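A.B. asks: Okay, sequence plus prediction incoming.
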Amino acid sequence: MKGDGKRRVGVAVSMLLGLGILLGSGAAWSATEPAWGSGPYRMLFEVDSAQPAAWNMTLGAVAHIVKRVGIPPARLEVLAWGPGLRMLLKDAPDAMEVSILQMRGVRFVACQTSMHRLHIRPRQLAPGVMVVAGGMAELMKRHNAGWAEVKM
C-alpha cells in the first residue's frame, strides 16, 4: 500500500510527459495548425490526494495547458475529493496559484460528499471553488460528455 502513492505519481508523471511530448512536438503538424490540433478541448483532472507532489503536478500540468493551448479552446476542470479537498481550502499552500488559474478560466470543483465526511464547510474553501453533490457523479458526467480525464 505504501508504494501505491509513488506508483500513482509515477503514472501521472508518465502521462504528463506524454502530454508534454504531444503538445511540444509540432514538427509533424502543419504550420497553420498547432501540434495539439484546433480544439475544442475538455480535460478533467481528478485529485484525491493531499500530497504536495500530486498537487504540484496537477497545477503544473494545468498551467502548462493554459499557457500552450489557452482558454478557450481548452476547458479545464480540477475535481478534488477525499483528502485532496484539503488543497482547495482558503489557507492551503497553493491557494494563490488556484486563484490565479481560476482567473485564467480554470474551474476548481469540490465534492460535497467528501466535504461532509471531512467536516469541511463551503466557507472554508478558497473563493471561487464550486461544490458539486458528488465527485464520482461529476466524473461520470464529464466522461459521458466526452471530456478527457487525468487521475493525479
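C.D. replies: Good, I have the coordinates. Numbers count the residues shown, from 1 in each chain.

A.B. asks: helix or strand right after the least confident helix or strand in the chain by mean pLDDT?
C.D. replies: Lowest on mean pLDDT, DSSP states H and E among the helices and strands of the chain sits helix 2-24, with a mean of 48. On the C-terminal side of helix 2-24, the closest following helix or strand by DSSP states H and E is strand 41-47.

A.B. asks: What ranges in the chain fall below the confidence cut-off?
C.D. replies: Applying pLDDT under 70 to the chain flags the ranges 1-38.

A.B. asks: again, only this time at 50
C.D. replies: Where the chain drops to pLDDT under 50, the residues are 7-18, 20-30.

A.B. asks: ok, now how distant is M43 from M103?
C.D. replies: Using CB to CB, to the nearest Å, M43 is found at 18 Å from M103. (Glycine included, C-beta is placed from N, CA and C.)

A.B. asks: Comparing these two, which shows the higher neighbour count?
C.D. replies: Legend: neighbour count by other CB atoms under 10 Å for M43 and M103, higher for M43 (19 against 9).
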